[in-house]
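Student: Pasted the sequence and its predicted model underneath.
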Amino acid sequence: MSSSVERRRDEAADEPLLSVDGLKTHFPVNSGILGSIEYDPDADGLPFGIDDSNVKAVDGVDFDLYPGETLGVVGESGCGKSTLARTVVGLEEPTDGVIRFDGRDVTEFESEDDQWFRENVQMVFQDPMSSLNPRRKIGKIIADPLEAAGWSAEERESRAVELLEQVGLKGEYYGRYPHEFSGGQRQRINLARALSINPDLVIADEPVSGLDMSVQAQILSLMNDLQAEYGLTYLFITHDLGVVRNMADRVAVMYVGDFVETGPTEQLFTQPHHPYTRSLLEAVPNPDPDATGVIAELEGDVPSPTDPPSGCKFHTRCPAFVLPDGFTEESYAEFADFRDDVATEDVDAVGSPETVVESYFDRELPSDARRAVEDAAEAAARDDYDAALEALSPHQSVCDSVQPELERISGPTHLSACHLPTDDREEFQW
Ligand code: SF4
């Protein structure tokens, strides 16, 4: 079993329905005409305009999902949530890792297994209109998967009418077209289609985004009812923390391609450990008017997954960044600028080490860090950038130098990837 997201129920002995290990989905930056130009990777440099870097949309995700439960995946736009969903359902090719469904490796499937997988795993998308063919009657749309599975026309129509009624629409709507329905009704139609073939797993990607609050509540309630009736398992992708709190048994918080905190829903909302989780919670209105937040609102943008920050990917926005001894925020910012120039071999190393220090630093440095900067400047002046980096390394923060792994926080299933000690966390209410 993967270690990153463990099961919510201790008592049952079920095997996971879905098990994802080390999943990566990377896309080449050049996917257009330039991306198709072949080049010799052993040659010096790349042809002009060619960038061989990758967008690391999903960058090593592990989780298990057990029958009948809901795992919510939250995070800002651009964190890789939708790519994760699309990769699990087979709409994107994984770059690395293993996806097991019902114990079978999905990435190794031959075509007949593909059909079995497509029948058992269905996806509900954010925009209900774009996933419904406007020129087809909704009854036919709902029955499409049944035709592929060999059902007769009569059986298909009867099942579509039954499903329409189960999602709260009238069976007589069978012959109507998608444009005759509201956004909420269209999402009901999508749910009916997803359920037509009795899947075990439904992957819902922002299924209520863009709907009015009252309609959202109706759709979520319907999804809960359908889950109870059919024993469905949900992988629920959303940026809305209120939605995930209502829907999920467990939550995984995703940031720039990785899970940074996972745990049982209530525990994660009331005792969040990772500063990103706490920032997300703080950035939305608190449902409890008496509750007080503990850190500032989330600032800045999600970094590019093409060139994610070193160490902890959240370090560029983290309000709890761990400063090395003797540094202030300002002096460490200057130190980090100097170190970046050393790393890119772009130090203005003309003159004595003292001159270099003066040109980079307005703030006072801790004395040992200042000596290290002078040593690094000397090394850079003789083009020995490895030695320069080595001189600086003892003074770098753990946050921008070491990528934290998911580790247990409290209880067996609450994990966080952050260097902060667990007892440094203040009370939090949301
Ligand atoms: S590892 Fe450091 S930068 Fe990352 S979230 Fe924790 S405190 Fe913030």
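Tutor: Noted; the coordinates are in hand.
Student: any idea where the strands of the chain begin and end?
Tutor: 18-28, 54-65, 70-74, 96-101, 104-105, 121-124, 201-205, 233-237, 250-255, 258-264, 407-410, 414-416 (DSSP state E).
Student: need those strands in CSV with mean neighbour count, distance to residue 161 and mean pLDDT, can you?
Tutor: All C-beta spots, glycine's among them, are computed from the backbone N, C-alpha and C. CSV is the format used below for these (neighbours: other C-beta atoms under 10 Å; distance: least, C-beta to C-beta, whole Å; pLDDT from 0 to 100):
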stretch, mean neighbour count, distance to residue 161, mean pLDDT
strand 18-28, 20, 31, 95
strand 54-65, 22, 31, 95
strand 70-74, 26, 28, 97
strand 96-101, 18, 30, 96
strand 104-105, 12, 34, 92
strand 121-124, 23, 19, 94
strand 201-205, 24, 21, 96
strand 233-237, 25, 25, 97
strand 250-255, 26, 36, 97
strand 258-264, 26, 39, 97
strand 407-410, 16, 49, 88
strand 414-416, 25, 45, 95
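Student: Mind checking the ones you listed for the one nearest to the ligand?
Tutor: strand 258-264 (7.3 Å; C-beta to the nearest ligand atom).
Student: and the closest one with the ligand, contact?
Tutor: No: contact of strand 258-264 with the ligand is not found when judged by C-beta under 6 Å from any ligand atom; the minimum separation is 7.3 Å.
Student: Would you mind extracting the C-alpha trace of that strand into CSV?
Tutor: Extracted C-alpha coordinates of strand 258-264, given in CSV (Å, rounded to 0.1, in the frame of the first residue of the first chain):
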residue,chain,number,x,y,z
ASP,A,258,2.6,16.8,-5.4
PHE,A,259,0.4,16.0,-2.5
VAL,A,260,1.6,18.2,0.4
GLU,A,261,-0.9,17.2,3.1
THR,A,262,-3.4,14.3,3.3
GLY,A,263,-5.7,13.2,6.0
PRO,A,264,-9.3,12.5,7.3
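Student: Which neighbouring elements make contact with it?
Tutor: If contacts are counted by 3 or more C-beta pairs under 8 Å, 6 or more residues apart in numbering; DSSP states H and E, strand 258-264 sits against strand 54-65, strand 250-255, helix 275-282, strand 414-416.
Student: now that strand against strand 250-255, angle please.
Tutor: Using axes from the mean of the first three to the mean of the last three C-alpha atoms, to 10 degrees, one finds that strand 258-264 and strand 250-255 are set 160 degrees apart in direction.
Student: which neighbours does strand 258-264 have in its sheet, and in what orientation?
Tutor: strand 250-255 (antiparallel), strand 414-416 (antiparallel) (DSSP bridges).
Student: hmm, the last one touching the ligand?
Tutor: No: contact between strand 414-416 and the ligand, assessed by C-beta under 6 Å from any ligand atom, is absent, since the two come no nearer than 8.3 Å.
Student: let's number from 557 now, not from 1
Tutor: From this message on, residue numbering opens at 557, which makes the last subject strand 970-972.
Student: which bits of the stretch 857-986 of the chain sit near the ligand?
Tutor: Within reach of the ligand by C-beta under 6 Å from any ligand atom, the stretch 857-986 of the chain has these residues: 868, 870, 871, 874, 876, 877, 878, 955, 960, 974, 975, 976.
Student: and these as a markdown table, adding neighbour count?
Tutor: Shown next, in a markdown table, are those (neighbours: other C-beta atoms under 10 Å):
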| residue | neighbour count |
| --- | --- |
| 868 | 27 |
| 870 | 27 |
| 871 | 23 |
| 874 | 21 |
| 876 | 19 |
| 877 | 19 |
| 878 | 16 |
| 955 | 25 |
| 960 | 20 |
| 974 | 26 |
| 975 | 19 |
| 976 | 18 |
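Student: In CSV, list those along with pLDDT.
Tutor: Converted to CSV, those look like this (pLDDT from 0 to 100):
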residue, pLDDT
868, 97
870, 97
871, 96
874, 94
876, 92
877, 94
878, 94
955, 97
960, 97
974, 96
975, 95
976, 90
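Student: Tally up the residues packed near residue 682, please.
Tutor: Neighbours of residue 682 under the rule other C-beta atoms under 10 Å: 18.
Student: In contact with it, which residues are there?
Tutor: 761, 762, 763, 765, 766 (C-beta atoms under 8 Å, 6 or more residues apart in numbering).
Student: Most neighbours among these, which one?
Tutor: Busiest of the contacts of residue 682 [other C-beta under 10 Å] is residue 763, holding 28 neighbours.
Student: Was I right to think that residue contacts residue 775?
Tutor: Yes: between residue 763 and residue 775 there is a contact under C-beta atoms under 8 Å: 6.6 Å.
Student: what residues are shared contacts of these two?
Tutor: What both residue 763 and residue 775 touch, as defined by C-beta under 8 Å, 6+ apart, is the set residue 743.
Student: Residue ranges in this protein under the pLDDT threshold?
Tutor: Residue ranges of the chain with pLDDT under 70: 557-569, 586-608, 667, 841-853, 905-906, 979-986.
Student: can you map out the helices along it?
Tutor: 637-645, 667-676, 694-704, 709-722, 739-751, 769-786, 797-803, 821-826, 831-838, 885-899, 909-916, 923-937, 941-948 (DSSP state H).
Student: can you pull the buried residues of the second one?
Tutor: Under the neighbour-count criterion of 16 or more other C-beta atoms under 10 Å, helix 667-676 has 673, 674, 675 buried.
Student: do the same with the shortest one
Tutor: Neighbour-count burial for helix 821-826 flags 821, 823, 824, 825 (criterion: 16+ other C-beta under 10 Å).
Student: Let me know the closest of those to the ligand.
Tutor: For the buried residues of helix 821-826, the nearest to the ligand is residue 824 (15.1 Å; C-beta to the nearest ligand atom).
Student: OK, contacts around the nearest residue to the closest one once chain neighbours are set aside?
Tutor: Leaving aside its chain neighbours, residue 824 sits nearest to residue 807 (4.9 Å; criterion: C-beta to C-beta, 6 or more residues apart in numbering). Residue 807 makes contacts with 627, 628, 629, 630, 800, 818, 819, 820, 821, 824, 825, as judged by C-beta under 8 Å, 6+ apart.
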